[in-house]
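Novice: could you work out the structure for the sequence below:
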Amino acid sequence: MSSFQVLKRFVAPYAAIFALFVAISGATLFSHVYADEGDKPSLDAVKPALERFRDGIPHFLEKVEKGEPVRVAYVGGSITAADGWRVQTLKKFNDEYAPVQFTEINAAIGGTGSDLGVFRLEHDVLRHDPDLVFIEFCVNDGGASPEAIWRQLEGVLRQIWKHDLTTDVVFVYTFRVGHETAYLNNATPRSVAATEILADFYGVPSLDFNIPVVELERAGKLVYQSETPVEGKLQFSTDGVHPLTQGHEIYTKVVWDAFEKMKAENKEKAYPSPESRRQKLEKTFVADNYENAKLVPIKESQLSGGWKPMPDDSPLNWTKSRLGDVVYVSDEPGAKLTVRFRGSNLFVYDILGPNGGQVFVTVDGVKSERPVPRFDSYCTYWRLATLCVAYGLDPSVEHEAIVEIDEKEPSRQPVAFRLENPEKELAEPKYHGRNVWFGPLMIVGDVVD
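Specialist: Predicted structure coming up:
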């Protein structure tokens, strides 16, 4: 018996409980989903539902029925980046829908939310022409305001359908310790509620992985967080966020069961044609959504000082799969990036690391009082990051932004608590330098040449 079959038998006694949540999906949940002209949407209470099919996945189902190849994109954070539900669901599709060939587009980056996802969507997803896109940002968007979530996720949806109306989208909501409080009170966490309201506006299906996890724990069959296995219980995770294998299998079962139900439902009553999405694009949920968010490569003409392309033998070359073919590097005080643009927000897609420097930012002649470190408390290693240059500007006028490397290094003390011998280790070359690595610009708007 496979581990998936074991999990199915383990979860089966609680199917009735799950069905109760599913039944809620047919109820009226939102009092102000379609905001009046000039009105701002509000975050109304959203009750839990294991699955809401809405307008379904008609293009996916059609391709499966015809036996055509299917490209599946997974956009999210570390929970999706792990060798878990992403890998399991793709294998399940290939095994159960054979001979259809399913190809993965892995667009998950640990520790990132929709605030980065909306900018990198074209580079990481759309250029590969997906047929189906899973979006998983529930946990990493947990600290964002509803307004930010709406701007970012609406930007993601509109970019997808402007690229190809036939691309199906499914929101999935993953569990973390703390979410159970809402579900045990017949409610949903803020990031889930905000996404559900947007999903209802656009008719996008959603699957809530939180529900089976919470119900199994409430039934005494699962422990949310444990360093070691607990006899008679499913060990979901060691940290309360990132599922172990059986935790991911719970997620996979939700996806598979939902897709089989949507397949059956579509035979009885066909879902709306992908062409109907054109009408949905005629209105926006929030007027200032980020559908115009994009990555724009930095030009040499925008740089002054000692900037050089990252060498081919750099140990950080792995970042080019996300940042693009050219990443500029400098450790020279006074080296600048100057950008003239018309838009509301400007960031730089960059790298944080143990030997990272710090920069001053000047926007429309106003210089930051303090330098912005390209180093933080996690910098025992190098990772992708974003530098906020300008935010909330008037998009109708031209702006100028200057980013300049400071002569001083940032304090390395924020990382000391992670080191076995801070005094010795922080004195090593690894933790010294003024290095700045710049990938492309992240802009809501357009660069002015």
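
Novice: next SSE after the helix or strand of the chain with the lowest mean pLDDT?
Specialist: Every helix and strand in the chain was compared by mean pLDDT, DSSP states H and E; the lowest is helix 15-24, with a mean of 38. Going down the chain from helix 15-24, the next helix or strand is strand 51-52, by DSSP states H and E.

Novice: phi, psi of residue 184?
Specialist: The phi/psi pair for residue 184 (degrees, to the nearest 10) reads phi -70, psi -10.

Novice: kindly report the same for the one 3 residues further on.
Specialist: Recorded main-chain torsions at residue 187 are phi -140, psi 180, according to degrees, to the nearest 10.

Novice: chain neighbours aside, what residue packs nearest to residue 86?
Specialist: Spatially, and ignoring its direct neighbours in sequence, residue 86 is nearest to residue 74 (4.6 Å; C-beta to C-beta, 6 or more residues apart in numbering). C-betas here are computed from N, CA, C, even on glycine.

Novice: got a list of what that neighbour touches?
Specialist: Residue 74 sits next to 80, 86, 104, 105, 106, 107, 108, 133, 134, 136 when contact means C-beta atoms under 8 Å, 6 or more residues apart in numbering.

Novice: so it sits in a strand?
Specialist: Yes. The assignment for residue 74 (DSSP: H, G, I helix; E, B strand; the rest coil) places it in a strand.

Novice: quick one, grab the pLDDT at residue 250.
Specialist: Among the per-residue scores, residue 250 shows a pLDDT of 98.

Novice: strand partners (parallel or antiparallel) of the strand ranked longest in the chain?
Specialist: Across the chain, the longest stretch assigned as strand under DSSP state E is strand 336-352. If you go by DSSP bridges, strand 336-352 pairs up with strand 303-304 (antiparallel), strand 383-390 (antiparallel), strand 398-405 (antiparallel), strand 436-447 (antiparallel).

Novice: and the helix or strand following it, what's its mean pLDDT?
Specialist: Counting by DSSP H and E, the next helix or strand C-terminal to strand 336-352 is strand 358-363. Strand 358-363 shows a mean pLDDT of 98.

Novice: tell me the angle strand 358-363 makes with strand 383-390.
Specialist: 30 degrees (axes from the mean of the first three to the mean of the last three C-alpha atoms, to 10 degrees).

Novice: any idea how far the helix or strand following strand 358-363 is from the chain center?
Specialist: Going down the chain from strand 358-363, the next helix or strand is strand 366-367, by DSSP H and E. In terms of C-alpha atoms, centre = their mean, to the nearest Å, the centre of strand 366-367 is set 32 Å apart from its chain centre.

Novice: what strands line up against strand 366-367, and which way round?
Specialist: strand 358-363 (antiparallel).

Novice: distance of residue 41 from residue 206?
Specialist: To residue 206, residue 41 is 17 Å away according to C-beta to C-beta, to the nearest Å.

Novice: who has more neighbours, those two?
Specialist: A side-by-side neighbour count of residue 41 and residue 206, using other C-beta atoms under 10 Å, places residue 206 first with 25 against 20.

Novice: my guess is that one meets residue 173, correct?
Specialist: Yes. The pair residue 206 and residue 173 passes the contact test of C-beta atoms under 8 Å, sitting 7.0 Å apart.

Novice: who touches both of those two?
Specialist: If you check residue 206 and residue 173 against C-beta under 8 Å, 6+ apart, the residues they both contact are residue 195.

Novice: which residue ranges form the helices in this protein?
Specialist: Ranges of helices within the chain are 3-11, 15-24, 58-66, 78-81, 85-96, 114-124, 146-163, 179-183, 190-202, 210-218, 245-268, 277-280, 320-323, 422-425, based on DSSP state H.

Novice: ok, of those, where does mean pLDDT dip lowest?
Specialist: helix 15-24 (a mean of 38).

Novice: let me have the helices of the chain in CSV, adding mean neighbour count as columns.
Specialist: Output for the helices of the chain, formatted as CSV (neighbours: other C-beta atoms under 10 Å):
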stretch, mean neighbour count
helix 3-11, 14
helix 15-24, 15
helix 58-66, 18
helix 78-81, 22
helix 85-96, 18
helix 114-124, 24
helix 146-163, 22
helix 179-183, 19
helix 190-202, 23
helix 210-218, 22
helix 245-268, 18
helix 277-280, 16
helix 320-323, 17
helix 422-425, 12
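
Novice: mean confidence for the longest strand of the chain?
Specialist: Here the average pLDDT along strand 336-352 is 97.

Novice: chain neighbours aside, what residue packs nearest to residue 168?
Specialist: Per C-beta to C-beta, 6+ apart, closest to residue 168 is residue 57, 4.1 Å.

Novice: contacts only, for that neighbour.
Specialist: 132, 168, 170, 205, 259, 262, 271.

Novice: give the bridge partners for the first one, please.
Specialist: Going back to what we said before, that points to residue 132. residue 72, residue 168.

Novice: coming back round to it: let me have the contacts of residue 74 in a markdown table, extended by distance to residue 423.
Specialist: Listed next are these as a markdown table, based on distance: C-beta to C-beta, whole Å:
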| residue | distance to residue 423 |
| --- | --- |
| 80 | 39 |
| 86 | 42 |
| 104 | 45 |
| 105 | 46 |
| 106 | 40 |
| 107 | 41 |
| 108 | 37 |
| 133 | 48 |
| 134 | 46 |
| 136 | 41 |
